Structure formats: structure tokens, C-alpha cells
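> any chance you could fold what I've pasted below:
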Amino acid sequence: MMNKSLVYTTLVVRMRDLLSILLWLLMAGSGEAQTAKSFFDRGYALAQKRDYRGAIEQYEHCLALEPTSYYALYNKGMAEAQLQDFRAAIADYTKALATDPQSGRVYYDRGVARTHVSDYRGAIEDYTSALQHGYMVYTVFSYRGVARQFTGDYKGAIRDYDSALIKAPNDADVYNYRGFAKDRSGDFAGALADYDRAITINPRNDTFYVNRGFVKNAQGRYQEAIIDFDKAGKINPRNVYVLINRGYAYLKLGKYSESLHDYDRAIDIAPDEPESYNNRSNVRKQMNDIDGALSDLDRAIQLNPRMARAYLNRGLMKASRNDASACDDFQEAKTLHSVEADGYLKKYCK
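This next block holds a predicted model:
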């Protein structure tokens, strides 16, 4: 006959063992989760101290334990973006969205990262998704406008800036961005009005004066443009674009010494900016320094082999010397989609 006491004792022991095993599993699971959280917390604390590399290392430890942790993936992406490792940030934002595809903020941050790696169409898609998922801050509109500008969609950009300004009517940067888009759209009056507004809000931003002066140059209002460039130069004496654009205004006014001085100064500050050499070549040509002009164009092309205007200018100077290699420059300008190159090829390269 079976001993009931023995059976009962054995069951009690087994139940006790089972409870011990379950308790151990619960403790192990709790310990692992706590460890993942502790890694995340340390990473977050380091990020607050701007130790982004240290933060990333902690987030990686967290993800080794919880590979789909939305917060670890997202915060790791933000730390990588702070270190300008935008491709790594994009990869982590994408993983975070796989965990939570409804997060408008992550679409927004991925859009910013994609803008930094020149994936403008991808950025536009992300900004649009951010809005669709309820992330309605005005910078989504302004940043999408910037991305649209880079794709040449100036009208779309202006619509986005309009939306941003409804939410933030005193953001000088958005007026500046919209002024640039209006300038590229041929609306010079609208561009000037936006630059005026940006300067009224923030009169200490040198870029706003440079952009307004640029439009005035395009309108042939060179003396007024110089006033804007002078104001910008007082704010930031090392702004190369002040010197490049003011040099152009002086050139158009026939003030060659002043123009040459500005380009010399621009090259001293930024010796790898091809625009300065290309523009200085025009001044040297007017001063009958053809050798100096050709040397400048050689340097501009060396710095930017896709600068069609520099090939055209060099070709014209060579043609004035009956140098047959001028045709090579005109042909290269045509390859780079210069609309003027065909005319020069027909005129000089029969």
C-alpha cells in the first residue's frame, strides 16, 4: 500500500522546488531588467553632461540586454547626432521606429539627420510623417522648407515657411529662409521684405545683411548693397561672403582697387573658397592683369572642378589670346550644363 505521508511530503518538496525555481527566474528576470535600466540611466546621465561617447557605450550595454528598447535606441541616436555621426543616428532612429512607428518626434529627428547627409527627399518624407503623427512644432515646417529648397522646390518651401511663421511670427531665421526662397523664385521685393523683417527682429545677425545685400546686387543697386555689406562686416569682420559680395559690387561700380582688396582679404581668410578666385579673376582682367586672372581661374577650377563659370571665364581669356585650348574649357562648361557654352563654342571653335 502506498504511503500517503511520503507522497504528501514528496509533493510538498516538489512544490517547494518549483516555487524556488520560479522565484529564481523572477529574480533573474528582474535583475536583468534592472541592469538594462541602470545602463540606460547611466547613459542618460552622461548625455546630460555632454559625454556623448560615454553615453553611447552605456546605451549599447543596455541594448545588449534589451535589443528593442525604444528609449535606448532613440537616445543613442540623439547622442550620435550630437557627435555628427548622422548615419549611425539614422540607423538607430530607424530601429526605434520599428519598435514604435507612431513616434512623430523620432521621424522629426531622423529628418534632421537625413538633411545633414543631403538626403533631402528622405528628410521631407520624415518631416511629413512627423506632422502626420502629431508632432506639430513649427520647426518641422521650417526644416521641411529648408529641405525643399535644396531640391529646388522654392514654392513648396515658401508654403512651409508661411506655416512656420503662423506658429512663430517672430522667428528671424524663418524670415531669412523664406527671403532666400523668394529670391530664388524671382520675387525680389518679397525677399527684401523678409530680410527687412529678419533684421528688425535681430539686427545683430550678419547673414541677414549679406542676404539683403545680395538681392540688391542682383537688382543693380550696388551702392545700397555695399551699405548692407559694411553693416555685416562690422558685426563679423571675418565673414568671407561679405567680402565676396561687396567685392562684386565694387567691381560693378568700377572701383577695382576696392574690389581687389576685398577679394585679397577673402582669400587670406578662406584660401580654399573657389568663388573668391573666380571673382578676383574678373577684377584682374579689368586691370589688364591677364596672367593673374588666368592663375586665379586655374586655382578656382582646382578647388572646384565642376565650376562651369570658371571654365567659361578661362576660355574667354584664352580665346582673347588665340589659345586653342579655350575650346576645351568651353566644352567642359557645356558638359557642366552651362547654357552659354554653346554660343562660345560656335563663335570660337568652328
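> tell me the secondary structure at Val339.
Of the three states, Val339 takes coil under DSSP: H, G, I helix; E, B strand; the rest coil.
> can you give me the neighbour number for it?
Taking other Cβ atoms under 10 Å as the criterion, the count of residues near Val339 is 9. All C-beta spots, glycine's among them, are computed from the backbone N, C-alpha and C.
> how about Phe180?
By the measure other Cβ under 10 Å, the count of residues near Phe180 is 23.
> what pLDDT does Val7 get?
Val7 is assigned 33 on the pLDDT scale.
> oh sorry, the question was meant for Thr35
Turning to Thr35, the model gives it a pLDDT of 89.
> against Tyr250, how distant is it?
When distances are taken as Cβ to Cβ, to the nearest Å, Thr35 and Tyr250 turn out to be 67 Å apart.
> tell me which of these two has more neighbours.
Tyr250 (23 against 15).
> how close does the closest residue to Asn170 other than its chain neighbours sit to Tyr241?
Spatially, and ignoring its direct neighbours in sequence, Asn170 is nearest to Ile201 (5.8 Å; Cβ to Cβ, 6 or more residues apart in numbering). In this view, Ile201 and Tyr241 are 21 Å apart by Cβ to Cβ.
> between the two, tell me which one has more neighbours.
More neighbours sit around Tyr241 than around the other of Ile201 and Tyr241, counting by other Cβ under 10 Å; the figures are 21 against 17.
> what about the nearest residue to the more buried one once chain neighbours are set aside, how many residues close to it?
On the basis of Cβ to Cβ, 6+ apart, the spatially nearest residue to Tyr241 that is not a chain neighbour turns out to be Val210, at 5.1 Å. The burial count assigned to Val210 is 25, neighbours taken as other Cβ under 10 Å.
> state the mean pLDDT of the helix or strand harbouring Val210.
Remark: Val210 resides in helix 206-218, with elements defined by DSSP states H and E. Averaging pLDDT along helix 206-218 yields 98.
> same check, this time on stretch 330-337
For stretch 330-337, the per-residue pLDDT averages 97.
> from the chain's centroid, how far away is that stretch?
Relative to its chain's centre, stretch 330-337 lies at 28 Å (Cα atoms, centre = their mean, to the nearest Å).
> again with stretch 62-75
In terms of Cα atoms, centre = their mean, the gap separating the centre of stretch 62-75 from the centre of its chain is 28 Å.
> what's the answer for stretch 267-287, then?
For stretch 267-287, the distance between its averaged C-alpha position and the chain's averaged C-alpha position is 26 Å (Cα atoms, centre = their mean).
> now stretch 97-113
How far stretch 97-113 lies from its chain's middle: 18 Å, per Cα atoms, centre = their mean.
> on that earlier part again, just list the residues touching the residue nearest to Tyr241, thanks.
For Val210, the contacting residues are Asp228, Phe229, Ala232, Asn239, Tyr241, Val242, Asn245, taking Cβ atoms under 8 Å, 6 or more residues apart in numbering as the criterion.
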